[in-house]
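K.L.:
just a sequence and a predicted model for now, questions to come.
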Amino acid sequence: MGNWRTVNMTGTMTAVHAQALWALLDRNTRPGEFWPGWDKPYACLSFNAARPGLAGIGAWPAERVDRCGNLAERNYSVEDVADALRALVYVAPSMLLKVHCGGDWESGECIATVTVGEGLVAVGPPEQAKVDGPPEAQVAANLLRNLMH
């Protein structure tokens, strides 16, 4: 299966900034083409709105962020998440986020919390004991979306 990392994301940003992040991070914005962002630091927080991963964080950019799930691909570290947010804060400076990161192999133990605010990104100790995986309803909806596509 691979070494997936589960994260819990909560926070806010302006609608304009959420829209800008969506356009940058949605791998389905260019159907049939190779998504050019895989070599960018923000790739771990990307998503495919049309064909979401079953346990992925999905389309998270919104005015109110509240998402649980895995990063876009395997073997990303907490520092990769922080680097992604450091790149994205230039696109969406209004982001105020907490990203609670689980351990390797989808471990439910929270190992670090990444905080975003006022254009800054900081990695700190865990601010909660556990991270939640995606809710069953989210996984079922993602499966259905993929089957219908």
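P.N.:
Good, I have the coordinates. Residues are numbered from 1 along each chain as shown.

K.L.:
the chain: helices as residue ranges?
P.N.:
15-25, 78-88, 136-148 (DSSP state H).

K.L.:
so which of those helices is the most surrounded?
P.N.:
Most buried of the helices of the chain by mean neighbour count (mean count of other CB atoms under 10 Å) is helix 78-88; its value is a mean of 20. All C-beta spots, glycine's among them, are computed from the backbone N, C-alpha and C.

K.L.:
what mean pLDDT does it have?
P.N.:
Helix 78-88 shows an average pLDDT of 98 in the prediction.

K.L.:
quick check, central residue of this protein?
P.N.:
Nearest residue to the geometric centre of the chain (CA atoms, centre = their mean): Leu45, 3.8 Å.

K.L.:
please name the residues that touch that residue.
P.N.:
Applying CB atoms under 8 Å, 6 or more residues apart in numbering, we find Leu45 in contact with Leu25, Ile57, Trp60, Leu71, Ala72, Val81, Ala84, Leu85, Leu88.

K.L.:
excluding its backbone neighbours, what's nearest the fourth one?
P.N.:
It stands for Leu71. Distances taken as CB to CB, 6 or more residues apart in numbering put Cys44 closest to Leu71, at 4.5 Å, once the chain neighbours are dropped.

K.L.:
OK, contacts around that neighbour?
P.N.:
Counted by CB under 8 Å, 6+ apart, Cys44 has contacts Leu71, Ala72, Glu73, Tyr76, Asp80, Val81, Ala84.

K.L.:
dump the residues you listed to TSV, plus distance to Cys110.
P.N.:
TSV is the format used below for the contacts of Cys44 (distance: CB to CB, whole Å):
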residue	distance to Cys110
Leu71	15
Ala72	20
Glu73	21
Tyr76	16
Asp80	16
Val81	13
Ala84	18
